[in-house]
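Undergrad: sequence and predicted structure, then a few things I'm wondering about:
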Amino acid sequence: MKVKYNRVSTISQSGDRFTMDKDNYDLTILDKVSGSVSFKDRPKVKELIKLVEDGKVTELIVEEFSRLGRNTGDVIRTLEWLEEKEINVVVRNIGLQSRPNGNKNPIWKMISSVMSSLYEMELENIKERTMVGRKVYVQKGGLLGRPNGSNETETEFLNKEQTKEIVKNLKKGFTIREICKIVDCSNKTVLKTKKILNERGEVFSKG
């Protein structure tokens with residue numbers, strides 16, 4: 001069974017850019033979730049995991065390595081899991097396969113490690129450029145934050161993908177500092193989430 005896995009970052013993205021892929025697959029999965037969520041915790045991956053564990057998947061196709069995890073470590077763990085199941089992983093943007101014709105690709109492990117590291121580095125560079133851009137914007141008189149007069153309800157806040165990920169990690173017992181790194185969010189956001197949940201009767205001992 002050939003499965004194509006696609007991911008877009010937000011619900012507002014439709015995934016239309018994947019229509020350029022004219023190859024035939026037995027199943028195409030589209031996940032609408034932040035890339036900060038680890039691969040196996042993504043909603044649609046649950047379906048993929050079941051198919052893999054049932055031995056029904058022989059080939060998994062992705063557009064690029066970054067689709068397979070939130071950072072280098074997560075990508076490597078995903079690839080090791082797929083290799084254990086003897087699944088051929090196809091990365092379309094560089095035309096690389098892990099098990100072409102059923103045989104292990106001798107350079108696969110090296111290239112996959114390097115490429116996933118490069119993607120993570122680029123992500124950090126983007127974050128840094130964004131942060132610098134925001135600082136310059138403020139220095140020039142710009143204002144950040146929600147527009148005056150706009151209010152977000154607690155329910156709307158809790159229904160955000162990022163907030164859901166924070167809640168999940170709070171329940172796992174991670175500290176506030178650890179969650180900030182895992183979810184890639186501010187200390188303020190985690191504290192706000194914890195405060196709302198505590199007010200609703202959910203108390204977390206750590207953090």
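TA: Noted; the coordinates are in hand. Residues are numbered from 1 along each chain as shown.
Undergrad: how does this structure divide into domains?
TA: 2-117, 154-199 (automatic domain parsing).
Undergrad: what is the mean pLDDT for the shortest one?
TA: When you say that, I think you mean domain 154-199. Mean pLDDT, domain 154-199: 88.
Undergrad: got the end-to-end distance for that domain?
TA: Counting by CA to CA, to the nearest Å, you get 11 Å between the two ends of domain 154-199.
Undergrad: picking up where we left off before, and of the domains of the chain, who's closest to residue 130?
TA: Closest of the domains of the chain to residue 130 is domain 154-199, at 11.8 Å (criterion: CB to CB). For glycine as for every other residue, the C-beta is placed from the backbone atoms N, C-alpha and C.
Undergrad: lowest average pLDDT across the domains of the chain?
TA: Sorting those by mean pLDDT places domain 2-117 lowest, at a mean of 85.
Undergrad: roughly how far out does it sit from the chain middle?
TA: Put simply, domain 2-117 sits 12 Å off its chain's centre (CA atoms, centre = their mean, to the nearest Å).
Undergrad: need the contact list for residue 82.
TA: Listed by CB atoms under 8 Å, 6 or more residues apart in numbering, the contact partners of residue 82 are 52, 60, 89, 98.
Undergrad: most surrounded residue in those?
TA: Looking at the contacts of residue 82 with neighbours defined as other CB atoms under 10 Å, the largest count falls to residue 60 at 27 neighbours.
Undergrad: ends of stretch 32-39, how far apart?
TA: Note: stretch 32-39 ends 12 Å apart using CA to CA.
Undergrad: in a strand, residue 109, correct?
TA: No. Applying DSSP: H, G, I helix; E, B strand; the rest coil, one finds residue 109 to be helix, outside a strand.
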